[in-house]
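Trainee: Sequence first, then the predicted structure, then my questions.
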Amino acid sequence: MHHFQYRENELYAEEVPVRRIARKVGTPFYLYSAATLRRHYRVFDQAFKTLPHLVCYAVKANSNLAVLRLLAREGAGADIVSGGELFRALKAGIPAEKIVFSGVGKTAREIRLALKAGILMFNVESLEELKSIARIARKMKKKAPIAIRVNPDVNPKTHPYISTGLKENKFGLDVETAFKAYQLAKEDPYLEIVGIDCHIGSQLTQLSPFVEALRRIKAFLKRLATVGISVRYLDLGGGLGIVYGEEEPPPPEKYAQALIEELNGLSVTLILEPGRVLVGNAGILVTKVLYYKETPAKKFLIVDAGMNDLLRPAFYQAYHEIIPVLKKERPSIVADVVGPICETGDFLARERELPLVKPGELLAVMSAGAYGFVMASNYNSRPRPAEVMVNGEEFYVVRRRETYAKLVAGEKIPPFLG
Ligand code: LLP
């Protein structure tokens, strides 16, 4: 359920016509609905209410401060993967003790910053990283809370680029190495074992891979118990899929039910790291049609948003529904919706049946709240789009459109080029 709906043939975000926002901020822009974000968070959180749990929102999905602040107000923690995300999460008011730090390449500086902030735990992804954390903790005379990210070798049945829990992926540690890591951690006075972690992939539309991963983690916990190691937190990562088109992912209630059943009284606090399921359908990308072009082979709608603004179609051949902001009687065409970037891969949709919208009209690219703006770039020297949040009858620019000056800020012509 989301709050982008037509009212008398005009697309609204909550109580605001999308057209009104476009007039004010120009195009393209990302538009987020606060009511949808709140609703998604509450549904997800409530689904686990019978268990001690913590929802650590995966900041990478959408790291706008306003989004983070809204979720912080709802009680969310954060799953971060960089010093930058730590900075954002803290700035938005997410308490350090609700932050988990994942990622295969944490730098010494990032580890120091996280230790200093007092995060809940590091999700450790290699023996080298474990040693690095221990070394830094010793220098700082602090004990580092750690979980080992176990790679359960489960097929998440999703796009190969967003599968992470297969043995050939770079993430986590196989069970044998993970076992060794826990034993090393136990011996180290500067490491405190607090949890266990896994994350198998993103946009999962079936429950069985989650359940299978949890089973393997449970078996592993039993093995750890035989050497006197136990954990307080079981972090199952994120990955629950959303509806972009035809897929039918389980709703959070079903997901929670399956996990709760499988946990069956295990006395741990469950941590979840949802990203897409909270923000994906809470955001759209609004773009303007620039030109209609017909070649002998194809029809194209050329719009003012490109792969630099929304990379997912180009990168994963991802499907995003595209709808006109104003519904009218129009002939329908089958066309590619393409951006202005000089790449054949620059498309938002291919061979899509659409109404023949005219130059100047607005289109909404749906389900763009997750992995949208955060993956935007300045390719072709295009300023990144504005981000707007609507809340009831009000809307706010929560990140202004980049300027040309911002594009070159930080660049310098060296003296020898005068
Ligand atoms: N936890 C960890 C350790 C992760 O790596 C991820 C996502 C999540 C949680 C959140 O997963 P979610 O609930 O959003 O599925 N750019 C891709 C998605 C990459 C996901 C990376 N990791 C896309 O646009 O589909």
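Mentor: Right, received. Where do you want to start? Residues are numbered from 1 along each chain as shown.
Trainee: Contact partners for the residue most central in space within the chain?
Mentor: What sits nearest the mean C-alpha location of the chain, by C-alpha atoms, centre = their mean, is Ala61, with 1.8 Å. By C-beta atoms under 8 Å, 6 or more residues apart in numbering, the residues touching Ala61 are 275-276, 278-280, 369-371, 374. (Glycine included, C-beta is placed from N, CA and C.)
Trainee: same thing but 7 Å
Mentor: Shown in contact with Ala61 (C-beta atoms under 7 Å, 6 or more residues apart in numbering): 275-276, 279, 370-371, 374.
Trainee: same check, this time on Gly195
Mentor: 121, 147, 231-235.
Trainee: got the contact list for the top helix by length along the chain?
Mentor: The longest helix of the chain (DSSP state H) is helix 208-226. With C-beta under 7 Å, 6+ apart as the test, helix 208-226 has contacts from 150, 152, 154-157, 165, 175, 179, 182, 196, 198, 200, 204, 230-231, 234, 236, 255, 258-259, 262, 266.
Trainee: Using neighbour counts, trim the residues you listed to the buried set.
Mentor: 150, 152, 154, 156, 165, 175, 179, 182, 196, 198, 200, 204, 231, 234, 236, 255, 258-259, 262 (16 or more other C-beta atoms under 10 Å).
Trainee: now, which of those residues lie within helices?
Mentor: Reading helices off the buried ones among the contacts of helix 208-226 with DSSP H, I get 175, 179, 182, 255, 258-259, 262.
Trainee: Pull the number of nearby residues for the closest residue to Ser163 other than its chain neighbours.
Mentor: Spatial nearest neighbour of Ser163, chain neighbours left out: Gly201 (4.4 Å); criterion: C-beta to C-beta, 6 or more residues apart in numbering. By the measure other C-beta atoms under 10 Å, the count of residues near Gly201 is 27.
Trainee: Now do the same contact list for Gly201.
Mentor: By C-beta under 7 Å, 6+ apart, the neighbours of Gly201 are 156, 158, 162-165, 239.
Trainee: if we can go back for a sec, between the contacts of Ala61, which has the most around it?
Mentor: Val279 (31 neighbours).
Trainee: which other residues reach the helix or strand where that residue lies?
Mentor: Secondary structure assigned from DSSP states H and E places Val279 in helix 276-279. Here helix 276-279 makes contact (C-beta under 7 Å, 6+ apart) with 37, 40-41, 44, 57, 61-62, 67, 202-203, 240, 242, 252, 369-370.
Trainee: cutoff 6 Å now
Mentor: Here helix 276-279 makes contact (C-beta atoms under 6 Å, 6 or more residues apart in numbering) with 40-41, 61-62, 240, 242, 369-370.
Trainee: Please export the C-alpha coordinates of it as PDB.
Mentor: Provided in PDB are the C-alpha atoms of helix 276-279 (Å, rounded to 0.1, in the frame of the first residue of the first chain):
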ATOM      1  CA  ARG A 276      13.800  -1.900   0.000                       C
ATOM      2  CA  VAL A 277      10.600  -3.100   1.700                       C
ATOM      3  CA  LEU A 278      10.500   0.000   3.800                       C
ATOM      4  CA  VAL A 279      11.300   2.700   1.200                       C
END
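Trainee: Beyond that helix, next helix or strand please.
Mentor: Assigned by DSSP H and E, the successor of helix 276-279 is strand 283-294.
Trainee: elements contacting that next one?
Mentor: Packing partners of strand 283-294 (3 or more C-beta pairs under 6 Å, 6 or more residues apart in numbering; DSSP states H and E): strand 29-33, strand 299-303, strand 362-365.
Trainee: Looking at stretch 80-96 now, give me its mean pLDDT.
Mentor: The predicted model assigns stretch 80-96 a mean pLDDT of 98.
Trainee: in that stretch, what counts as buried?
Mentor: The neighbour-count check on stretch 80-96 (16+ other C-beta under 10 Å) flags 80-83, 85-86, 88-90, 92, 94-96 as buried.
Trainee: Enumerate every residue touching Ile119.
Mentor: 96, 99, 101.
Trainee: Give me the subset of the residues you listed that lies in strands.
Mentor: 99, 101 (DSSP state E).
Trainee: Would you mind measuring the gap between the ends of stretch 155-171?
Mentor: 14 Å (C-alpha to C-alpha, to the nearest Å).
Trainee: Give me the contact status of it with the ligand.
Mentor: Yes - interface with the ligand: stretch 155-171 contributes 162, 164 (C-beta under 6 Å from any ligand atom).
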